[in-house]
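Enquirer: The following comprises the amino acid sequence and a computationally predicted model.
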Amino acid sequence: MMDSVTGLISGQAVGGGAQANEGVEEGGGVRRRVPPVELKLVPLEEGLEVTLNSDITSALMLQRQMDRGPALPLTLARLMSVWSTAFLLGYVAFRGMCRLCGNDGDLIPLSDAAGAQHSAEGGVMYMAELREMLKKYLKEERIENTLRRVSRASHPPGSSEGNAVAREILQNLQNLRMDHTWTDSHYATLQFPSRTQPNALWLVDSEGAELEEIPLDSKGYCAYSATGTATGGVVYVNYGRSEDFEQLRAMGVALNGSIAVARVGGAVSFAEKVWHAQEAGLVGILIYPDPADVPQDPRRLGLHSNAVISEHVHLGSGDPFTPGFPSFNHTQFPSTQSSGLPIIPAQPISANVASKLLR
């Protein structure tokens with residue numbers, strides 16, 4: 001299987017099906033097509049909806065403006081006086097609360113005296129000194145151990161496993177005696193695969209009859225993908241970059257109504273791959289990690305050929321169902337959604353599945 005995928009990437013000849021379809025490769029080669037593929041994506045299960053109420057209404061009520069005629073200068077003077085007093089009180093109350101790490105790991109207060117110099121006993125820490133301290137204490141093996149610890153099990157957002165990881169990180173920060181550490185809750189719209197109607201991938205004939213179901217990883221999905229059924233021939237689009245689609249057009253490859261098979265990487269996100277595919281007229285996209293693109297560690301373990309990589313496909317940031325607004329509880333959101341949501345279904349697949357589709 002792995003040889004087949006590697007051969008496809010390098011441009012070696014691979015057996016094709018009865019129907020011909022073409023795809024672009026890094027070296028400009030042409031790929032043939034297997035029978036059409038039908039991709040069925042069911043609606044994803046969203047997180048629990050937050051009940052909105054009017055608790056915030058009173059905080060947003062505005063009082064009627066008073067007559068600001070001759071009293072305006074006096075009012076401004078009073079406001080400046082109050083602000084200055086509050087600033088001075090805050091400065092006096094919180095001065096000296098900042099800390100830095102000494103060579104022995106103890107925390108020592110920073111001096112706020114003008115012209116104070118950094119020393120082992122205490123003093124001001126400037127940016128250059130902070131960089132040197134980070135280089136000294138942030139070791140590669142420690143970062144690797146931390147990543148292994150927090151990624152030892154799946155921890156989807158909003159799950160008990162995710163909360164356990166958050167508590168562990170919070171406890172580690174508190175053990176460092178940081179001045180103020182806390183956790184916060186945000187009420188974003190999240191999506192998860194359906195437990196009762198998993199996504200499906202089928203090989204179908206020219207009449208649309210299902211020939212073979214291709215097993216998919218039930219845990220792999222693209223959050224915020226469009227749902228529905230997409231049927232079409234398979235087109236290999238390399239990394240799914242804009243230049244890849246331009247090369248396909250220059251080669252005369254018909255893209256409309258096809259399903260793209262794209263590789264992970266190429267300096268473009270999943271969302272960009274999906275966007276480029278739908279702009280080119282394709283009706284769906286499958287994304288797989290190519291063995292040639294996965295960095296190998298010294299033990300040559302690499303990524304398993306059955307592994308899939310999941311990533312959201314929203315071409316934007318934040319909650320796509322509350323564009324431009326923070327996802328706080330009790331916030332009244334307008335009935336709109338982000339224009340960066342895709343209109344075609346997207347599904348991550350493994351290298352083995354990609355090999356089966358492309359050979």
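Expert: Right, received. Where do you want to start? Numbering: from 1, shown residues only.

Enquirer: What residue spans form the domains of the protein?
Expert: 2-50+190-358, 72-175 (automatic domain parsing).

Enquirer: And those domains, which one averages the lowest pLDDT?
Expert: Of all the domains of the chain, the minimum mean pLDDT falls on domain 72-175 (a mean of 68).

Enquirer: Now for Pro345: which residues touch it?
Expert: Leu39, Leu41, Ser225, Ala226, Thr227, Gly228, Thr229, Ala230, Gly284, Ile285 (Cβ atoms under 8 Å, 6 or more residues apart in numbering). Where you see a C-beta, it was placed from the backbone N, CA and C, and this is true even at glycine.

Enquirer: Count residues in the vicinity of the fifth one, would you?
Expert: Right, the one you point to is Thr227. 13 (other Cβ atoms under 10 Å).

Enquirer: now swap in the fourth one and tell me
Expert: Neighbourhood size, Ala226 [other Cβ under 10 Å]: 19.

Enquirer: immediately after the helix or strand hosting Glu272, which helix or strand?
Expert: According to DSSP states H and E, Glu272 maps onto helix 270-279. Sequence order places strand 284-288 as the next helix or strand after helix 270-279, per DSSP H and E.

Enquirer: Give the other helices and strands that that next one contacts.
Expert: strand 37-41, strand 259-263, helix 270-279, strand 346-348, helix 351-358 (3 or more Cβ pairs under 8 Å, 6 or more residues apart in numbering; DSSP states H and E).

Enquirer: for the second one, packing partners?
Expert: Translated: strand 259-263. Packed next to strand 259-263, using 3+ Cβ pairs under 8 Å, 6+ apart, are strand 228-232, strand 234-236, helix 270-279, strand 284-288, helix 351-358.

Enquirer: Okay, angle between that strand and strand 284-288 too, please.
Expert: Interaxial angle of strand 259-263 relative to strand 284-288 (axes from the mean of the first three to the mean of the last three Cα atoms, to 10 degrees): 20 degrees.

Enquirer: which residues touch strand 259-263?
Expert: 9, 23, 36-37, 39, 230-240, 273, 277, 282-290, 293, 354, 357-358.

Enquirer: For PyMOL, what selects the buried ones among these?
Expert: A single PyMOL command selects the buried members of the contacts of strand 259-263 (16 or more other Cβ atoms under 10 Å):
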select buried, resi 9+23+36+37+39+230+231+232+233+234+235+236+237+238+239+240+273+277+282+283+284+285+286+287+288+289+290+354+357+358
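
Enquirer: how much space between Lys135 and Glu129?
Expert: As for Lys135, its distance to Glu129 is 11 Å (criterion: Cβ to Cβ, to the nearest Å).

Enquirer: So the two - more neighbours on which side?
Expert: Between Lys135 and Glu129, counting by other Cβ under 10 Å, Glu129 is the more crowded of the two (13 against 9).

Enquirer: quick check, the more buried one in a helix?
Expert: Yes - assessed by DSSP: H, G, I helix; E, B strand; the rest coil, Glu129 belongs to a helix.

Enquirer: gap between it and Arg142?
Expert: For Glu129 relative to Arg142 (Cβ to Cβ), the value is 21 Å.

Enquirer: Equivalent analysis for Val235, please.
Expert: 45 Å.

Enquirer: How about Glu311?
Expert: Glu311 is 27 Å from Arg142, by Cβ to Cβ.

Enquirer: More neighbours: which of these two?
Expert: Glu311 (15 against 10).

Enquirer: For that one, give me phi and psi.
Expert: The phi/psi pair for Glu311 (degrees, to the nearest 10) reads phi -160, psi 150.

Enquirer: isn't it right up against Pro289?
Expert: No - counting by Cβ atoms under 8 Å, Pro289 is not a contact partner of Glu311; they are 10.8 Å apart.
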